[in-house]
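*Asks:* Sequence unavailable; structure follows:
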């Protein structure tokens with residue numbers, strides 16, 4: 001007992017800022033993928049891009065958002 005937790009608050013702030021940046025980048029990637037899917041005339045390929053945007057990118061973006069809270 002009596003032990004204390006010591007944190008490098010500057011490192012915590014830096015890590016938080018980096019994770020926020022990653023989250024923003026993933027959100028931007030999702031929007032770009034949606035825009036790309038809308039421009040693709042082939043229905044199957046457009047669907048694959050849209051599915052990628054809504055599953056992979058969205059999931060990663062959500063995980064990044066949870067990490068920064």
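*Replies:* Noted; the coordinates are in hand. Please read these numbers as outputs of a predicted model, since none were measured by experiment.
*Asks:* Do a quick rundown of the strands in this protein.
*Replies:* Taking DSSP state E as the criterion, the chain contains no strands.
*Asks:* So what's the gap between the top helix by length along it and the chain middle?
*Replies:* Determined from DSSP state H, the single longest helix within the chain is helix 9-39. When distances are taken as C-alpha atoms, centre = their mean, to the nearest Å, helix 9-39 is centred 5 Å away from the chain's centroid.
*Asks:* packing partners for it?
*Replies:* helix 43-52, helix 58-68 (3 or more C-beta pairs under 8 Å, 6 or more residues apart in numbering; DSSP states H and E). From N, CA and C alone the C-beta is placed, and that goes for glycine too.
*Asks:* Could you list the low-pLDDT ranges of this protein?
*Replies:* For the chain, the stretches flagged by pLDDT under 70 are 1, 57-69.
*Asks:* Endpoint to endpoint, stretch 37-45 covers what distance?
*Replies:* Stretch 37-45 has an end-to-end distance of 8 Å (C-alpha to C-alpha, to the nearest Å).
*Asks:* Which residues does that stretch contact?
*Replies:* Contact with stretch 37-45 is made by 46-47, 49-50, 53, as judged by C-beta atoms under 8 Å, 6 or more residues apart in numbering.
*Asks:* Now it: buried residues?
*Replies:* residue 37 (16 or more other C-beta atoms under 10 Å).
*Asks:* and residue 49, how many residues sit next to it?
*Replies:* When neighbours are counted by other C-beta atoms under 10 Å, residue 49 registers 19.
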